[in-house]
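Visitor: need a structure here:
(2 chains)
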Protein chains: 2
Amino acid sequence: MSQDNQDSHGHSSCCGGHHHPAGGGKLRPGEGGADLGGPADSPITVEVTRGTMVESIHRARACIVDAAGHVLARWGDIEAPVYARSAIKSLQAIPLVETGALDAFALGDEELALACSSHNGEARHTGLARAWAERVGLSVGDYECGAQVPYDPETAADLLRRGEAPTAFHNNCSGKHTGFLTTAMHKGERLKGYVRYGHPVQQRILGVLEQMTGQDLSGAPWGIDGCSIPTIGIPLGAIAYAMARIADPIDLPDARAEAVTRIARAWGGHPFLIAGTGTFDTAVMEAAEGAVLVKGGAEGVGCAVIPDQGIGIALKIEDGAARAREVAMAALIRATGALSDAQWARVPDLLTVPLLNRAGTRVGELRPAAGWPR
Amino acid sequence: MSQDNQDSHGHSSCCGGHHHPAGGGKLRPGEGGADLGGPADSPITVEVTRGTMVESIHRARACIVDAAGHVLARWGDIEAPVYARSAIKSLQAIPLVETGALDAFALGDEELALACSSHNGEARHTGLARAWAERVGLSVGDYECGAQVPYDPETAADLLRRGEAPTAFHNNCSGKHTGFLTTAMHKGERLKGYVRYGHPVQQRILGVLEQMTGQDLSGAPWGIDGCSIPTIGIPLGAIAYAMARIADPIDLPDARAEAVTRIARAWGGHPFLIAGTGTFDTAVMEAAEGAVLVKGGAEGVGCAVIPDQGIGIALKIEDGAARAREVAMAALIRATGALSDAQWARVPDLLTVPLLNRAGTRVGELRPAAGWPR
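Guide: A predicted model of the protein is given here:
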């Protein structure tokens, strides 16, 4: 697909729109992105200042796409594959709804939100995961994600003080894994090995990812995620396209449209369950009051959904830094206008992040460099 | 200084050699670096793989310089200022020796090593810092570095289990600060405010940095470090030059040559005190058996000294990542041939770092990308 191959809106098409082309379409900046986007070889940067100097910089690739596959804005290469890691837990949760497993076990939006979460391992997260596991009939030994010290420092310290070891329930992915196990149990599949590429649980997700991203992923690069499931290399533009289809599922088959609508409601409706105390994702979504769904992943990948605008955002920090992913995502969400100035005023430290030293002195900041949309 | 302006060795001069030019010389790749160096606009990269794909990359600027200021190898811009942070604690320790404070309080190589350290806060580190403070007559309230949870996870967990709060002695910079306070006490200066730019302690260090780097730093960019002292922006090439002068102090005034020789002996002779259990710096120096002195700093800056070759190394990871700083430093040290194959064989995971997930599965690695010297 060339730059000339634009549709009647003057935008270029991303990922073949509703079709399913092998390898996906070639992503080009559309005219509609003229005010927001840059040339394909220009990532945008986040800078880390200290005193009178920029000390470090992070490079970001990013794009904003609509549900018809139009690329509204882009920075850097958005065709190269990216491991979306935990940023697409919303997509990985689709089978939990579509197979009927969620309803069969009388589970609700809270469990669905936890399936989409990278949680802090706080009591509310682990309590919900344990109660869900109990209802379904799962035991901690069924989980193949590994144990993890909770992200939340207070919770981690409490565990240590009580002399308790973290379990799989504390793993930030325990909701997702409970969802996988619930789906396998509902379908009568063996639980053992549910994290493996060839297991029906993962193959079902691969099919969902192909349909939602419009990509043939059968030959896509893949690796093993922190929680032991496969993570698939997908072009950044196609990841944003899938997010846009959550925002606006009009072209999805009915069952899938219904599933992503429930997922969006759970995701946006339970900011705390998605991450937890002191986290970027929870803070943005609490401020946004439903206007934005956002989810970060490891190695600097982030996704967002703006339901009212029918658009999706995906970004990848070249070096994988979470601190830059958060600043970049805040800047992109701000550029969409999804939050009002009053809403941003509740979370000013997300747009420009103060850096404090050990004595609590403000010594610098993280901020978008020049050239970002404002 | 242009590329033509080379001395009789065919190398270009770094930082004006023994002179003290305002702003320093313009650093150019010398002929001697033809086998090692790249063009000025080509940083080298560290890649992070997962499964079948490179997931993230880190860009490094780096150079290898000798004590005459010849740039033997360079990658990327080595003239732009860099905050050397804790990587130059060896230089910041010079006044502790030169003023006679170290000898006046009958302190030795262990205390001097601790002054050069970013330690883990393990019992041996904090015990030594406390004993030193007691000998000099300092109390914890004199320290202006702030308290810090020890880097060493076991030590941090032990503190929590005992319900104890970390103190300034646990701060990774407590040795450096004890050195500052010892020097101020020896000189009869007020202790309060010893971290401030204008205090004699910091002004003395600024003078040392100017002399050792051959730079006029009076107008240099500066900021406040994690431990509240000033950190000064210095061209990367000039930082490497200062390290080379520790390796080969022949052109330094006698008192300074003696001081850096003692510092080098303490630094290389006490690898554990410099960092601690499980750290890169300690592991490299233990394997090197005195052949390399190495020290990392925050935001991806690293320095090394190869005494037998009379050379210094400095590097800066663009994005500030410690994981990349370690891989890059290992690759550069390897390129110098300072360690034998047998020595590297004791620490193979430093050259190519395995990435394990939460279940302990090897899912990828950190490694120098193509194009590095081997």
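Visitor: can you give me the mean pLDDT across the helix or strand hosting residue A:97?
Guide: Here residue A:97 sits within helix A:94-98, counting by DSSP states H and E. If you average the pLDDT over helix A:94-98, you get 98.
Visitor: Show residues contacting it.
Guide: Contacts of helix A:94-98 with the rest of the structure, by Cβ atoms under 8 Å, 6 or more residues apart in numbering or on different chains, involve A:101-102, A:112, A:115, A:179-180, A:182-183, A:201, A:204-205, A:208, A:212, A:255-256, A:258-260, A:262-263. For glycine as for every other residue, the C-beta is placed from the backbone atoms N, C-alpha and C.
Visitor: Next: stretch A:259-269.
Guide: Contacting residues not belonging to stretch A:259-269 are listed as A:90, A:93-94, A:97-98, A:109-110, A:112-113, A:116, A:245-247, A:249, A:252, A:274, A:285, A:288, A:290, A:292-293, A:295, A:305, A:307 [Cβ under 8 Å, 6+ apart].
Visitor: for stretch A:359-374, same thing?
Guide: Here stretch A:359-374 makes contact (Cβ under 8 Å, 6+ apart) with A:35-36, A:38, A:44-51, A:55, A:57, A:73, A:323-324, A:327-328, A:331-332, A:334-335, A:351-357, B:144-146, B:223-228.
Visitor: hmm, 6 Å instead?
Guide: Identification of contacts with stretch A:359-374 by Cβ atoms under 6 Å, 6 or more residues apart in numbering or on different chains yields A:36, A:44-45, A:47-50, A:323, A:327, A:331, A:335, A:352-357, B:146, B:223-224, B:228.
Visitor: Please read off the pLDDT at the residue in the stretch 151-300 of chain A positioned nearest to chain B from the model.
Guide: With Cβ to the nearest Cβ as the measure, residue A:223 is the residue of the stretch 151-300 of chain A nearest to chain B, at 2.4 Å. Looking at residue A:223, its pLDDT reads 98.
Visitor: So residue A:138 is in contact with residue A:183, correct?
Guide: No: with contact defined as Cβ atoms under 6 Å, residue A:138 does not reach residue A:183; the gap is 11.6 Å.
Visitor: Compare these two and say which is more crowded by neighbours.
Guide: Higher neighbour count among residue A:138 and residue A:183: residue A:183, with 27 against 20, using other Cβ atoms under 10 Å in any protein chain shown.
Visitor: ok, that one touching residue A:103?
Guide: No: checked against Cβ under 6 Å, the pair residue A:183 and residue A:103 is beyond contact range at 11.9 Å.
Visitor: What is the burial count for the residue of the stretch 51-200 of chain A found nearest chain B?
Guide: Chain B sits closest to residue A:51 of the stretch 51-200 of chain A, with a gap of 2.3 Å, by Cβ to the nearest Cβ. Taking other Cβ under 10 Å as the neighbour definition, residue A:51 ends up with a count of 17.
Visitor: In three-state terms, label residue A:303 for me.
Guide: Using DSSP: H, G, I helix; E, B strand; the rest coil, the three-state assignment for residue A:303 comes out as strand.
Visitor: what bridges to it?
Guide: For residue A:303, the residues forming beta bridges with it (DSSP bridges) are residue A:295, residue A:314.
Visitor: Centroid-nearest residue for chain A?
Guide: When Cα atoms, centre = their mean is applied to chain A, the residue found nearest the centroid is residue A:87 (2.2 Å).
Visitor: State the three-state secondary structure for it.
Guide: The local conformation at residue A:87, judged by three-state DSSP, is helix.
Visitor: List only buried entries from the contacts of stretch A:359-374.
Guide: Members of these that pass the buried threshold by neighbour count (16 or more other Cβ atoms under 10 Å in any protein chain shown) are listed as A:36, A:44-45, A:47-50, A:323, A:327, A:331, A:335, A:353, A:355, A:357, B:146, B:223-224, B:228.
Visitor: Now, the residues you listed that are in strands?
Guide: Among the buried ones among the contacts of stretch A:359-374, the ones falling in strands (DSSP state E) are A:44-45, A:47-50, A:353, A:355, B:223-224.
Visitor: who in the stretch 251-374 of chain A is up against chain B?
Guide: For the stretch 251-374 of chain A, the residues in contact with chain B under the definition Cβ under 6 Å from any Cβ of the partner chain are A:299, A:318-321, A:357-359, A:363.
Visitor: Confirm residue A:56 sits in a strand?
Guide: Yes: with three-state DSSP as the criterion, residue A:56 is located in a strand.
Visitor: ok so, going back, quick one, phi/psi of the residue of the stretch 51-200 of chain A closest to chain B?
Guide: Main-chain dihedrals, residue A:51, degrees, to the nearest 10: phi 60, psi -130.
Visitor: The residue nearest to residue A:168 when sequence neighbours are not counted - how many residues pack around it?
Guide: Using Cβ to Cβ, 6 or more residues apart in numbering or on different chains and skipping the chain neighbours, the partner closest in space to residue A:168 is residue A:143 (3.7 Å). When neighbours are counted by other Cβ under 10 Å, residue A:143 registers 26.
Visitor: One more: the one 5 residues further on?
Guide: Residue A:148 is surrounded by 20 other residues when neighbours are defined as other Cβ under 10 Å.
Visitor: before we move on, what about the one 10 residues further on?
Guide: Neighbourhood size, residue A:158 [other Cβ under 10 Å]: 15.
Visitor: Residue A:278 now?
Guide: For residue A:278, the count of nearby residues is 12 (other Cβ under 10 Å).
Visitor: Wait, a strand at residue A:71?
Guide: Yes: secondary structure of residue A:71, determined by three-state DSSP: located in a strand.
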